[in-house]
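>>> give me a 3D structure for the following:
(one chain, ligands or ions: 1)
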Amino acid sequence: MEIEKEIPGGFCTDLPVSGNTFVFANISPSFFSLIALIHEMGHAVNGYLQFSEQGPLEEYQGRAEIAELYSHGMELLLLDKLNLFYSEEEFKSAQREELRRAFTMLFGPLSGDLFQHWMYTNPKHTAKERDEKFFEISKRYGLNPVDTSGLEEEIGMSWVGTLHYIQYPFYTIEYSISMLGALQLLENYQKDPELAVESFKKGASADYNQSIAAIYKETGVSFDFSEPVVKRMGEFLEKVIQDIH
Ligand SMILES: [Zn+2]
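Residues are numbered from 1 along each chain as shown. Next comes the predicted model:
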């Protein structure tokens, strides 16, 4: 799922009886709109392969802990295909924007889980305190260098537009963890595109009863969010950005 505060956005849902998946996206001529569609297509392929390989199970539940690996993975595997949508000059800037997004995914989503953690451990908080906390966390993780004077209230209450805070406890950290896996997929793709696409499909269709680590392994990446891996992926990302001339 990919919801931003702007109107462009989209979602993917499963249709278990027919064994299909369905993507709804609002398309506007914006980078985010395109990335949201690609992101949702990653979820759709994952869902579709699950139905095809694992059967149209009524009790099927998408594995939320691995879902974003295939949406972020799809975004990064299509990094060299963005020229289908952009001119040569815009293409490079779109690639940089996607990589900037990948970079901010490594730390930005923490703010969502921190906010939920604060709400659950302070159940008696007032609406005003909640907005103030959201503003404080947003400032710390995303808006730090931006002058937000006069917008405290708007930013503070903007959490309402994100359904994760209402429906999905502690989900946002998944965006950071899965981005580490998606970056490994991109690393694999740069070495051997065909193999990386094959392992993407293999992992996306793997038995969902396995552990997260086993599913990551089938995808050709490791489930590891230790400091050395974060550092290695950060450096890899920096190199990919520098390689775009
Ligand atoms: Zn998603």
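>>> what about residue 171, neighbour count?
20 (other C-beta atoms under 10 Å). Bear in mind the C-beta positions are built from the backbone N, C-alpha and C, glycine included.
>>> go on, the one 5 residues further on?
When neighbours are defined as other C-beta under 10 Å, residue 176 has 21 of them.
>>> test my guess that it contacts residue 106.
Yes: using C-beta atoms under 8 Å, residue 176 is in contact with residue 106, at 5.6 Å.
>>> leaving aside the residues next to it on the chain, what's closest to residue 202?
Distances taken as C-beta to C-beta, 6 or more residues apart in numbering place residue 218 nearest to residue 202, at 5.2 Å, with adjacent residues excluded.
>>> that neighbour contacts residue 198, doesn't it?
No: contact between residue 218 and residue 198 fails when scored by C-beta under 8 Å: they sit 10.7 Å apart.
>>> got the CA positions of the worst-scoring helix or strand of the chain on mean pLDDT in PDB?
None of the helices or strands of the chain scores lower by mean pLDDT, DSSP states H and E than strand 9-15, at a mean of 85. What follows is strand 9-15, C-alpha atoms only, in PDB (Å, rounded to 0.1, in the frame of the first residue of the first chain):
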ATOM      1  CA  GLY A   9      -1.900   7.300  -4.700                       C
ATOM      2  CA  GLY A  10      -3.200   3.800  -5.100                       C
ATOM      3  CA  PHE A  11      -3.900   0.500  -3.500                       C
ATOM      4  CA  CYS A  12      -3.900  -3.200  -4.400                       C
ATOM      5  CA  THR A  13      -6.300  -5.700  -3.200                       C
ATOM      6  CA  ASP A  14      -6.800  -9.400  -3.700                       C
ATOM      7  CA  LEU A  15      -9.700 -11.100  -5.300                       C
END
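>>> okay, the angle between the following helix or strand past it and strand 9-15?
Following strand 9-15 in sequence order, the next helix or strand is strand 20-26 (DSSP states H and E). Here the directions of strand 20-26 and strand 9-15 differ by 160 degrees (axes from the mean of the first three to the mean of the last three C-alpha atoms, to 10 degrees).
>>> export the helix or strand following strand 20-26 as PDB, just CAs?
Downstream of strand 20-26, the first helix or strand assigned by DSSP H and E is helix 31-54. Output of helix 31-54 as PDB, limited to C-alpha atoms (Å, rounded to 0.1, in the frame of the first residue of the first chain):
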ATOM      1  CA  PHE A  31       6.400  11.300 -10.400                       C
ATOM      2  CA  PHE A  32       4.700  10.100  -7.300                       C
ATOM      3  CA  SER A  33       1.700   9.000  -9.200                       C
ATOM      4  CA  LEU A  34       3.800   6.800 -11.500                       C
ATOM      5  CA  ILE A  35       5.800   5.300  -8.600                       C
ATOM      6  CA  ALA A  36       2.600   4.600  -6.700                       C
ATOM      7  CA  LEU A  37       1.300   2.600  -9.700                       C
ATOM      8  CA  ILE A  38       4.600   0.700 -10.100                       C
ATOM      9  CA  HIS A  39       4.600   0.100  -6.300                       C
ATOM     10  CA  GLU A  40       1.100  -1.300  -6.400                       C
ATOM     11  CA  MET A  41       1.900  -3.500  -9.400                       C
ATOM     12  CA  GLY A  42       4.600  -5.100  -7.200                       C
ATOM     13  CA  HIS A  43       2.000  -6.000  -4.700                       C
ATOM     14  CA  ALA A  44      -0.300  -7.200  -7.500                       C
ATOM     15  CA  VAL A  45       2.400  -9.500  -9.000                       C
ATOM     16  CA  ASN A  46       3.100 -10.900  -5.500                       C
ATOM     17  CA  GLY A  47      -0.600 -11.500  -4.900                       C
ATOM     18  CA  TYR A  48      -1.200 -13.000  -8.300                       C
ATOM     19  CA  LEU A  49       1.800 -15.400  -8.000                       C
ATOM     20  CA  GLN A  50       0.600 -16.400  -4.600                       C
ATOM     21  CA  PHE A  51      -2.800 -17.300  -5.900                       C
ATOM     22  CA  SER A  52      -1.300 -19.100  -9.000                       C
ATOM     23  CA  GLU A  53       1.300 -21.100  -7.000                       C
ATOM     24  CA  GLN A  54      -0.300 -21.500  -3.600                       C
END
